[in-house]
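Colleague: just need the structure, nothing else, for what follows:
(chains A and B)
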Amino acid sequence: MEPLFQKSISIPADVLIREVRGESVILNLNSEAYIGLDEIGTRMFQVLKESETIQDAYELLLKEYDVAPDVLRRDLGRFIEKLVAHGIVELREA
Amino acid sequence: MHAISVEVAGARLQRSLDRAPFQELTLPDGTLWASFYRAGENFLLRFPGLADFEISSDGLNVRCWPMPRVSPGTIDHIYLNQVQPFALSLQGRLVLHASAVEVNGSAIAFMGASGQGKSTLAASFVADGFRFLTDDGLHLEATTDGYLVLPSHPSIRLWDDSRAALISEAAKLATPVQYTSKARILADNTLAFCDEPRPLRRIYFLGDDHVRTPAFEPLGTREAMIQLTRQTFLLDTEARESLALHFDQLVRLIRLAICFRLDYPRRYAALAQVKQAILQHAMSDSPAGGA
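Modeller: The predicted structure follows:
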């Protein structure tokens, strides 16, 4: 298992997340940047928040979506990278 | 709402400041229109060649220093269109760039960038006997189940072509201002103003004109947030509390599912058809807003 997937995510206190009709809008108070997530992004984010490790989130999402394991692993990794780059989440040792 | 106290001081020249602006506004041709500075806890809004306005951090007090030979009408115009909305934003009020008219006791708002036709569309409704609530500076007040539109200044600003096409020649004009040829037409018997709050029923974001007939489309959450954010008066984006409050105000607005994109032909000859389509759409009770 790659090191990233052994970690968990946490959401900084200065990030506001609101769900609206299945989608999410996020405001990073530090950067003053607004970010939007579509329905799939919102579900991925929700599962990541509630999982102990990213690997756990990956396994749950693999059950929920009809997607090849390699594709999900790649997409989930890129998704997390973007969230980290925007300051929406921080990575922690699980 | 707390009233804003406005004081116009004596004329003074605009000396260069020893700090950089935190925000600048430019006109479509690239000309600098306004520079915003921090002045201790307050804010200084500089309109080059015209005036400086200082707004207190709570948005309750405004002091203006016009440049020499700038007319009171010009100062009034800048205050109403620019300074007052930003002062209200400092009071935690939600103010958006939009016009609004009253239809069947509700408010219908038209939102779009400058030049997209929001004033013209509002004026065309007024020409048909509807009352307008604002031609810009859509001031919203939250209620238990939505938002009220508060009446703004009883005047509409129009370019000459729209004025000639829509407004009676006998309409009263405010004194001309020194930075735009746009006329400010004052409300009167022929240009009816609604001076009472009205519940907000629809916001139409004015889109493309490459269509033959009006087309309506519900705005998705992310698109609505982008559009509303672009069209918001918000001065102090560094104050986290006000930024968070503003974010939740916009989220609440989006949750009402009353935001639509409206593409329509920008021809005066098509306005009657456009208005009819808007009325039908706006009065529909279906979640998607009708046809």
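Colleague: quick one: pLDDT of the residue in chain A that chain B sits nearest to?
Modeller: Ranked by Cβ to the nearest Cβ, the top residue of chain A for proximity to chain B is residue A:36, at 3.0 Å. For every residue, glycine as well, the C-beta is placed using N, CA and C. Note for residue A:36: predicted pLDDT of 91.
Colleague: for the nearest residue to it once chain neighbours are set aside, what are its contacts?
Modeller: Take residue A:36 and drop its neighbours on the chain: the residue closest to it by Cβ to Cβ, 6 or more residues apart in numbering or on different chains is residue B:222, 3.0 Å away. Shown in contact with residue B:222 (Cβ atoms under 8 Å, 6 or more residues apart in numbering or on different chains): A:23, A:25, A:36, A:37, A:38.
Colleague: for the last one, give me phi and psi.
Modeller: Its backbone dihedrals place residue A:38 at phi -80, psi -170, with angles given as degrees, to the nearest 10.
Colleague: how many neighbouring residues does the residue of chain A closest to chain B have?
Modeller: Neighbours of residue A:36 under the rule other Cβ atoms under 10 Å in any protein chain shown: 18.
Colleague: and it, what is it in contact with?
Modeller: Under the criterion of Cβ under 8 Å, 6+ apart, the neighbours of residue A:36 are A:23, A:24, A:25, A:26, B:221, B:222, B:225, B:226.
Colleague: what helix or strand does the last one sit in?
Modeller: For residue B:226, the enclosing helix or strand under DSSP states H and E is helix B:221-230.
Colleague: state the pLDDT value of the closest residue to residue A:50 other than its chain neighbours.
Modeller: Spatial nearest neighbour of residue A:50, chain neighbours left out: residue A:57 (7.9 Å); criterion: Cβ to Cβ, 6+ apart. As predicted, residue A:57 sits at a pLDDT of 96.
Colleague: and residue A:57, backbone torsions?
Modeller: According to degrees, to the nearest 10, residue A:57 has phi -60, psi -40.
Colleague: which residues touch the closest residue to residue B:192 other than its chain neighbours?
Modeller: Sequence neighbours aside, residue B:131 is the residue nearest to residue B:192 in space, at 4.3 Å (criterion: Cβ to Cβ, 6+ apart). Residue B:131 makes contact with B:101, B:102, B:192, B:193, B:194, according to Cβ under 8 Å, 6+ apart.
Colleague: swap the cut-off to 6 Å and go again
Modeller: Neighbour list for residue B:131: B:102, B:192, B:193, B:194 [criterion: Cβ atoms under 6 Å, 6 or more residues apart in numbering or on different chains].
Colleague: in stretch B:146-163, which residues are buried?
Modeller: B:146-147, B:149-158, B:162-163 (16 or more other Cβ atoms under 10 Å in any protein chain shown).
Colleague: least confident secondary structure element in chain A?
Modeller: Least confident helix or strand, chain A: strand A:33-37 with a mean of 88, by mean pLDDT, DSSP states H and E.
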